[in-house]
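>>> Next input, structure requested:
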Amino acid sequence: MTTTASATASATAPVADARALGLAHYAARGVLEHVLAEHGMTFQQQIVLRAAVTADTPQTPDDLITQVQGSLKADPADVRATLDELLAKQLLVADGAHLRSTDAGHELLAAVGAETAPITARIWGGIPAEDLAAAGRVLALVTERANTELAALTA
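Alright, predicted model coming up:
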């Protein structure tokens, strides 16, 4: 009996499951957290700052808290504390009822992006587009289902 390379590869390829997803997430997050630490920033600070910078319209503190809480499933009080940290570091400033990123906030995100870009290219490089598309579809479905389950648990 003859086996092809693709049959062998698919037979030995790991199955995507919660553990594999978690391991990939924490490996990638570990890389990012290492870079962020060199800039005196935490993962949650980066997420909140990025949410403020990339918003289509200026956000209120409550808008940002809701958005980040929905993404990270973090305690709203912890997200508010993170906002306060970013305000104290002058990476965000109050502009009336809204928050906006300062030049320093934009520069910090740009520096982190520039530092992580070559690492990201090495991590993601060479993965076939069809594999990335399939993984994207699976991850979107897993996210949707997990969010539905969490909503049912917290209702």
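>>> so what's the residue minimising distance to the centre of the chain up against?
Centroid check for the chain by Cα atoms, centre = their mean gives residue 47 as the closest residue, at 6.7 Å. In this structure, residue 47 makes contact with 68, 71, 72, judged by Cβ atoms under 8 Å, 6 or more residues apart in numbering. The way it works is simple: take the backbone N, C-alpha and C, and place the C-beta from them, glycine included.
>>> Do you have the helices of the protein handy? List them.
Using DSSP state H, the helices assigned to the chain run over residues 5-12, 18-38, 43-54, 61-72, 76-88, 103-124, 129-154.
>>> most tightly surrounded among those?
helix 43-54 (a mean of 19; mean count of other Cβ atoms under 10 Å).
>>> how about the CA coordinates for that helix, as PDB?
Output in PDB follows, covering the C-alpha atoms of helix 43-54 (Å, rounded to 0.1, in the frame of the first residue of the first chain):
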ATOM      1  CA  PHE A  43      -1.300  43.700  27.100                       C
ATOM      2  CA  GLN A  44      -4.500  45.300  28.400                       C
ATOM      3  CA  GLN A  45      -3.100  48.800  28.100                       C
ATOM      4  CA  GLN A  46      -2.200  48.100  24.500                       C
ATOM      5  CA  ILE A  47      -5.700  46.700  23.700                       C
ATOM      6  CA  VAL A  48      -7.400  49.800  25.200                       C
ATOM      7  CA  LEU A  49      -5.100  52.300  23.600                       C
ATOM      8  CA  ARG A  50      -5.500  50.500  20.200                       C
ATOM      9  CA  ALA A  51      -9.300  50.600  20.600                       C
ATOM     10  CA  ALA A  52      -9.100  54.400  21.200                       C
ATOM     11  CA  VAL A  53      -6.700  55.000  18.300                       C
ATOM     12  CA  THR A  54      -8.600  52.900  15.700                       C
END
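>>> so how far is it off the chain centroid?
When C-alpha coordinates are averaged (Cα atoms, centre = their mean, to the nearest Å), helix 43-54 and its chain have centres 9 Å apart.
>>> Show the contacting residues for residue 59.
By Cβ under 8 Å, 6+ apart, residue 59 lies in contact with 51, 52, 67, 98, 99.
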